[in-house]
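>>> Build me a model:
(one chain, ligands or ions: 2)
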Amino acid sequence: MSERTLAIIKPDAVKKQAIGDIISQYEQAGLRPVAMRMLVMGKGIAEGFYAVHRARPFFDSLCTFMSSGPVVVLVLKGENAIKKNRELMGATDPAKADKGTIRAKHGTNIEYNAVHGSDSPETARVEIAYFFPEMSVVG
Ligand code: RTP
Ligand code: MG
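Residues are numbered from 1 along each chain as shown. Ligands and ions are numbered 1, 2, ... in the order given. Prediction:
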């Protein structure tokens, strides 16, 4: 089933000049960008995006990191896009991520881990709507 997922190339990966490599990995895996924007998230925007984690000890640090510089936000479309993107990203902790995954290649540690990907259809729907009005998604 073709579906959409939200991906974010995080500030660490943008700083490392890994945008092109990461988008290339999406495309090679059959995940087509159907919406894309670059922005610096204000702290409040990051807090809203990660609201499910607000009780976690790493919440403030995560939101400071996510608002520390430009990010690239994309909607990816393809067969089983949500699961496929999670596999392509690898484990949250880059040290535990399988070889060849985006986080193994570009992540630094459990927080500075290069990319975000939606984890369920419901999350994908909410996360896509957080950044993109429906008319700006082209597929
Ligand atoms: P994401 O939401 O960014 O795609 O990552 P994920 O599902 O693999 O991990 P999640 O548990 O949802 O955590 C969200 C982000 O919070 C940071 N984190 N820091 N210091 C820590 O122990 C810790 N744990 C998670 C990471 O940036 C993680 O991607
Ligand atoms: Mg998550």
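
>>> C-alpha only now, for contacts and for neighbours.
OK.

>>> How much space separates Lys10 from ligand 1?
As judged by C-alpha to the nearest ligand atom, to the nearest Å, Lys10 and ligand 1 stand 9 Å apart.

>>> contacting residues for that residue?
By C-alpha atoms under 8 Å, 6 or more residues apart in numbering, Lys10 lies in contact with Met66, Pro70, Val71, Val72, Tyr112, Asn113, Ala114, Val115, His116.

>>> let's go with 7 Å and repeat that
By C-alpha atoms under 7 Å, 6 or more residues apart in numbering, the residues touching Lys10 are Met66, Val71, Ala114, Val115.

>>> And it, its phi and psi?
With angles defined as degrees, to the nearest 10, Lys10 sits at phi -80, psi 170.

>>> Quick one: the contacts of Lys10 as TSV, columns for pLDDT and secondary structure too.
What follows is these, written out as TSV (pLDDT from 0 to 100; DSSP: H, G, I helix; E, B strand; the rest coil):
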residue	pLDDT	secondary structure
Met66	98	helix
Val71	99	strand
Ala114	99	coil
Val115	99	strand
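
>>> and of these, the nearest to Asn85?
Val115 (10.0 Å; C-alpha to C-alpha).

>>> Tell me how many other residues crowd the residue lying closest to the closest one once chain neighbours are set aside.
Leaving aside its sequence neighbours, Val115 sits nearest to Ile9 (C-alpha to C-alpha, 6 or more residues apart in numbering; 4.7 Å). Using other C-alpha atoms under 10 Å, Ile9 has 23 other residues around it.
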